[in-house]
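1. build me a model from this:
(one chain, ligands or ions: 4)
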Amino acid sequence: MEGREPSTRPSRTTPASPRVTPALVKRPRFQTLARFWEGQDVLARWTDGLLYLGIIKKVDSAQETCLVRFEDNSQFSVLWKDIFPPAVPGKEQLCCVCNSQACTPDNKLVHCGKCKHAYHQECHVPSVPCDTDSSGSSWMCRQCVFAVATKRGGALKKGPFARSMLQMKLSLPYQLKSLEWDPLHLTNKQQCYCYCGGPGEWNMKMLQCCRCLQWFHEACTQCLSKPLLYGDRFYVFECSVCTRGPENAWRLPLGWVDVSHLVLYHLSICCKKKYFDFEREILSFVNENWESLLLGELTDTPRTDRYSHLLHALTAEKDRFISGKEIKKKKCLFGLQSRVPPPAPQTTLTELRLQEADVRGSTPCVREDGGPEKPPTQNKDTKHREADAEGAAEAAESSYPGCGAEPI
Ligand SMILES: [Zn+2]
Ligand SMILES: [Zn+2]
Ligand SMILES: [Zn+2]
Ligand SMILES: [Zn+2]
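-> Ligands and ions are numbered 1, 2, ... in the order given. Have a look, this model is predicted:
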């Protein structure tokens, strides 16, 4: 079937999929039994936002899920909303969203040049412009644009697919307001996140928009200069729906305790263990990835000084870190007291904008709390704002060296 070259899918466990509200997502809704069947080759969206090839082993109509076996032989239950079958020969004249072929002059059927599915202009999100060639040779549907443009480390930033993706990202294929969130706004019952509407885990390389509060996959964003670490919340991010254009992302300043916490959390997810050797694993990871960590004011710290700063942070913050000494192991080992990401910094977008204005010196800086003006905590190097997706740097590298394994 048509689709992206699937990346090797990480082997990992996933929570059982809860029931999704069927009417929530505007997506292809064939009669189910006609749409999914055992033995069918499909693309399925994973929690990293990427699509992977799989084969349906079982259809569960009550739960609205399918058991899918992926290329690495792992099997997971996947919600219908995240499964994309190929077009069925002979059914290409039916709109894959409303299952009808009735057309009006303003709402014709257009065919995707890649997957061959048909869509009414108004059934696709966003609606397809009138001047689109209805034979479909040049038009590509939302699913196919995302299949081509999403990448680990960040989506394509240049070229026609990047431009098409940005257009698609201006609207969501679901109702944001109808999602039911936990009290901390980290997970929703519908397992519906990002521009892609796919499943996700907030601490697994996702960014939260500071305006709409939705979470977005690293793979679907086009604004990152470096790949994310697991649990990295040291960004202020605005999504394309909220900006009505390219995304914005600002790197927030990190202290040594934050760096230690973030690196230990990242390593603990990658390597599936709790304790790490200070010099051989923690310090060497920090040194190997020094530029990618985007540490702002800490960036100039000479290699020789990083040792003492990190070691001090790890030994001083006893409520966050535990040393091997405390559990009768080697004292050069360190782990997290509890495996949670570093707490989210409290910097708001308003503060950032004020700091920016302050740096430029062109706008008076008035703090909301009326307190004394703080010197800007960011310099040019720590701010990674992308004004134009087209003019962006090369795609961010997709992984961090030195952490050995794929995520669990
Ligand atoms: Zn996504
Ligand atoms: Zn339709
Ligand atoms: Zn398509
Ligand atoms: Zn937003």
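
2. for the protein, just list every one of the strands.
-> 41-45, 51-60, 65-70, 75-79, 83-84, 109-111, 118-120, 206-208, 215-217, 235-238, 248-251, 276-277, 321-323, 333-336 (DSSP state E).

3. dump those strands into a markdown table; add mean pLDDT, mean neighbour count and distance to ligand 3 as well.
-> (Each C-beta comes from the backbone N, C-alpha and C, glycine too.) As requested, the strands of the chain are arranged in a markdown table below (pLDDT from 0 to 100; neighbours: other CB atoms under 10 Å; distance: least, CB to the ion, whole Å):
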| stretch | mean pLDDT | mean neighbour count | distance to ligand 3 |
| --- | --- | --- | --- |
| strand 41-45 | 95 | 22 | 10 |
| strand 51-60 | 96 | 19 | 12 |
| strand 65-70 | 96 | 21 | 20 |
| strand 75-79 | 96 | 19 | 19 |
| strand 83-84 | 94 | 22 | 9 |
| strand 109-111 | 92 | 21 | 9 |
| strand 118-120 | 93 | 23 | 8 |
| strand 206-208 | 97 | 24 | 25 |
| strand 215-217 | 98 | 25 | 19 |
| strand 235-238 | 96 | 22 | 28 |
| strand 248-251 | 94 | 22 | 29 |
| strand 276-277 | 96 | 19 | 44 |
| strand 321-323 | 95 | 19 | 48 |
| strand 333-336 | 96 | 21 | 43 |
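
4. spell out which parts of this protein neighbour ligand 3.
-> Neighbours of ligand 3 within the chain, by CB under 5 Å from the ion: 112, 114-115, 141, 144.

5. and if we set it to 8 Å?
-> 2, 112-117, 140-145, 147 (CB under 8 Å from the ion).

6. now, the residues you listed that are in helices?
-> Those of those mapping onto helices are 142-145, 147, per DSSP state H.

7. report the buried members of those residues.
-> 142-145, 147 (16 or more other CB atoms under 10 Å).

8. follow-up on the earlier one: from the ones in helices among the residues of the chain next to ligand 3, pick the one nearest ligand 3.
-> residue 144 (3.3 Å; CB to the ion).

9. who are the packing partners of the helix ranked longest in the chain?
-> If you go by DSSP H, the chain has its longest helix at helix 256-271. Helix 256-271 sits against strand 276-277, helix 284-288, helix 303-316, strand 321-323, strand 333-336, with contacts defined as 3 or more CB pairs under 8 Å, 6 or more residues apart in numbering; DSSP states H and E.

10. now the ones you listed in TSV, with distance to ligand 1?
-> Formatted as TSV, the entries for the helices and strands packed on helix 256-271 read as follows, by distance: least, CB to the ion, whole Å:
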stretch	distance to ligand 1
strand 276-277	30
helix 284-288	27
helix 303-316	33
strand 321-323	33
strand 333-336	28
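
11. now the residues of the chain next to ligand 3 as CSV including pLDDT and distance to residue 303?
-> Formatted as CSV, those follow (pLDDT from 0 to 100; distance: CB to CB, whole Å):
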residue, pLDDT, distance to residue 303
2, 39, 49
112, 91, 52
113, 89, 52
114, 90, 48
115, 90, 50
116, 89, 55
117, 92, 54
140, 93, 47
141, 94, 50
142, 96, 46
143, 94, 46
144, 95, 46
145, 96, 43
147, 95, 42
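
12. nearest to residue 265 among these?
-> residue 147 (30.5 Å; CB to CB).

13. measure that closest one to residue 263 for me?
-> 33 Å (CB to CB, to the nearest Å).

14. residue closest to the middle of the protein?
-> In the chain, the residue lying closest to the centroid (CA atoms, centre = their mean) is residue 217, at 0.9 Å.

15. the stretch 101-250 of the chain: helices as residue ranges?
-> Taking DSSP state H, counting those that start in this stretch as the test, the helices found in the stretch 101-250 of the chain are 142-149, 159-169, 240-243.

16. tell me the angle the second one makes with helix 142-149.
-> Right, helix 159-169. Helix 159-169 and helix 142-149 are oriented at 130 degrees to each other (axes from the mean of the first three to the mean of the last three CA atoms, to 10 degrees).

17. and ligand 4, is helix 159-169 touching that?
-> No - residues of helix 159-169 are not located near ligand 4 by CB under 8 Å from the ion, the shortest gap being 10.3 Å.

18. looking at the strands of the chain, which is closest to ligand 4?
-> The nearest among the strands of the chain, by CB to the ion, is strand 235-238 at 6.2 Å.

19. wait, does that closest one contact ligand 1?
-> No - remark: strand 235-238 sits outside contact range of ligand 1, by CB under 8 Å from the ion, the gap being at least 13.3 Å.

20. which outside residues touch that strand?
-> If you take CB atoms under 8 Å, 6 or more residues apart in numbering as the criterion, strand 235-238 is touched by 207-211, 216, 221, 223, 247-252, 347-349, 352.

21. what residue in this structure is the furthest from its centre?
-> Quick read of the chain (CA atoms, centre = their mean): farthest out is residue 328, 39.2 Å.

22. residues touching that one, list them.
-> No residues are in contact with residue 328 under the rule CB under 8 Å, 6+ apart.

23. from residue 311, how far out is it?
-> Residue 328 is 20 Å from residue 311, by CB to CB.

24. likewise for residue 36?
-> For residue 36, the distance to residue 311 - CB to CB - is 55 Å.

25. same check, this time on residue 198
-> Where residue 311 is concerned, residue 198 sits at a distance of 40 Å (CB to CB).

26. on that earlier part again, could I get the strands of the chain as JSON lines with distance to residue 151?
-> Formatted as JSON lines, the strands of the chain follow (distance: least, CB to CB, whole Å):
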{"stretch": "strand 41-45", "distance to residue 151": "14"}
{"stretch": "strand 51-60", "distance to residue 151": "12"}
{"stretch": "strand 65-70", "distance to residue 151": "19"}
{"stretch": "strand 75-79", "distance to residue 151": "21"}
{"stretch": "strand 83-84", "distance to residue 151": "18"}
{"stretch": "strand 109-111", "distance to residue 151": "26"}
{"stretch": "strand 118-120", "distance to residue 151": "25"}
{"stretch": "strand 206-208", "distance to residue 151": "15"}
{"stretch": "strand 215-217", "distance to residue 151": "10"}
{"stretch": "strand 235-238", "distance to residue 151": "18"}
{"stretch": "strand 248-251", "distance to residue 151": "16"}
{"stretch": "strand 276-277", "distance to residue 151": "29"}
{"stretch": "strand 321-323", "distance to residue 151": "34"}
{"stretch": "strand 333-336", "distance to residue 151": "30"}
